[in-house]
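J.: sequence-free structure coming up:
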């Protein structure tokens with residue numbers, strides 16, 4: 001290769017390759033085979049920035065009533081319909097929470113505190129990404145986000161998912177400095193695993209089993225959604241005969257909370273909660289249990 005055509009390659013330093021067939025078995029509580037959690041995105045969007053859209057034709061306009069209104073349906077209407085389903089099936093949410101929510105939609109925080117939801121930090125809002133921030137700027141940003149969520153909810157978050165799953169290369173280490181113990185951003189596994197950052201785990205989250213991807217990007221129907229949830233759980237259950245798996249269901253109130261989709265979420269959750277061998281839990285509890293297994297394994301060596 002000519003010296004004028006040099007190629008720069010950067011190895012992934014954050015985590016190592018680990019084929020799932022070569023790991024020590026994971027055992028969930030009470031013999032469960034699949035740990036299931038609902039990743040509930042509770043977000044705020046700025047009115048003067050483009051974001052997730054249902055119609056691209058107006059997405060760059062300011063203001064954009066069509067797409068902003070579609071997103072704003074979530075905290076106004078959709079979340080309350082979704083809460084009915086979670087309550088009906090006695091499921092606690094793992095809430096991916098923008099810190100701006102506490103000030104703008106305090107009724108949602110109140111509802112979640114009454115239900116003992118798990119609160120994860122999900123950035124300031126879903127219009128600001130911290131990719132390309134300097135270390136000092138990101139440290140200040142993360143500190144503000146996490147402190148604001150702790151003040152609003154009464155709980156300091158243990159987990160993190162970036163807006164649009166964005167990070168810098170420094171994000172996990174900065175989160176560890178602030179006392180967090182896991183991230184959801186790296187959607188590459190069916191089991192938790194350790195990052196190469198002391199005390200920091202990756203917990204599975206899905207961009208495939210995600211209502212935005214399924215309904216908005218792919219245009220699937222309610223019955224399609226139910227079948228996909230069933231197929232995902234059935235396959236993970238089959239895979240987990242010797243070692244536990246994690247199933248996340250990623251939901252956004254402005255998508256799954258639409259009236260015509262409501263019954264299909266109920267049908268999907270009905271299947272999950274009545275499936276044998278499923279631990280109905282939160283991402284916090286998954287991370288805590290896995291970290292305990294790892295500690296006990298290290299202590300026995």
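T.: Ah, there it is. Keep in mind that this is a model prediction, so the values were computed, not measured.
J.: Need phi/psi at residue 67.
T.: phi -80, psi -40 (degrees, to the nearest 10).
J.: what residues are up against the nearest residue to it once chain neighbours are set aside?
T.: The shortest distance from residue 67 to any non-neighbouring residue, by C-beta to C-beta, 6 or more residues apart in numbering, is to residue 53 (4.2 Å). Any C-beta I mention is one placed from the backbone N, CA and C, and that applies to glycine too. By C-beta atoms under 8 Å, 6 or more residues apart in numbering, residue 53 lies in contact with 59, 64, 67, 70.
J.: Which ones among those residues map onto helices?
T.: 67, 70 (DSSP state H).
J.: In ChimeraX, select just the buried ones from the contacts of residue 53.
T.: Buried residues among the contacts of residue 53 (16 or more other C-beta atoms under 10 Å), as a ChimeraX selection:
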select :64,67,70
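J.: Just name the closest of the contacts of residue 53 to residue 209, please.
T.: Ranked by distance to residue 209 (C-beta to C-beta), the contacts of residue 53 are led by residue 70 at 21.6 Å.
J.: Could you report the pLDDT at the closest one?
T.: Per-residue pLDDT puts residue 70 at 94.
J.: Tell me how far the residue nearest to it when sequence neighbours are not counted lies from residue 40.
T.: Among residues not flanking residue 70 along the chain, residue 54 sits closest, at 5.0 Å (C-beta to C-beta, 6+ apart). Remark: distance between residue 54 and residue 40 (C-beta to C-beta, to the nearest Å) = 20 Å.
J.: more crowded one of those two?
T.: residue 40 (26 against 16; other C-beta atoms under 10 Å).
J.: The more buried one is in contact with residue 96, isn't it?
T.: Yes: counting by C-beta atoms under 8 Å, residue 40 touches residue 96, with 6.8 Å between them.
J.: what is the rounded mean pLDDT of the helix or strand containing residue 86?
T.: Secondary structure from DSSP states H and E places residue 86 in helix 79-88. Across helix 79-88, the average pLDDT comes to 98.
J.: Give me the contact list for the next helix or strand after it.
T.: The first helix or strand that comes after helix 79-88 along the chain, using DSSP H and E, is strand 93-97. With contact meaning C-beta under 8 Å, 6+ apart, strand 93-97 is reached by 37-43, 86, 112, 115, 117-122, 149, 153, 157, 159, 161, 184, 282-284.
J.: Now, those residues that are in strands?
T.: If you go by DSSP state E, the contacts of strand 93-97 have 37-42, 118-121, 159 in strands.
J.: Export those residues as a markdown table, with columns for pLDDT.
T.: Output for the ones in strands among the contacts of strand 93-97, formatted as a markdown table (pLDDT from 0 to 100):
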| residue | pLDDT |
| --- | --- |
| 37 | 99 |
| 38 | 98 |
| 39 | 98 |
| 40 | 98 |
| 41 | 98 |
| 42 | 98 |
| 118 | 98 |
| 119 | 98 |
| 120 | 98 |
| 121 | 98 |
| 159 | 98 |
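J.: For these, give me TSV that also has distance to residue 258.
T.: Putting those into TSV (distance: C-beta to C-beta, whole Å) gives the following:
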residue	distance to residue 258
37	22
38	17
39	18
40	15
41	15
42	16
118	25
119	25
120	24
121	27
159	27
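J.: Quick one: the strands in the chain, in order.
T.: Going by DSSP E, the chain shows strands at 34-42, 93-97, 118-121, 159-160, 182-183, 193-194, 201-202, 245-251, 278-280.
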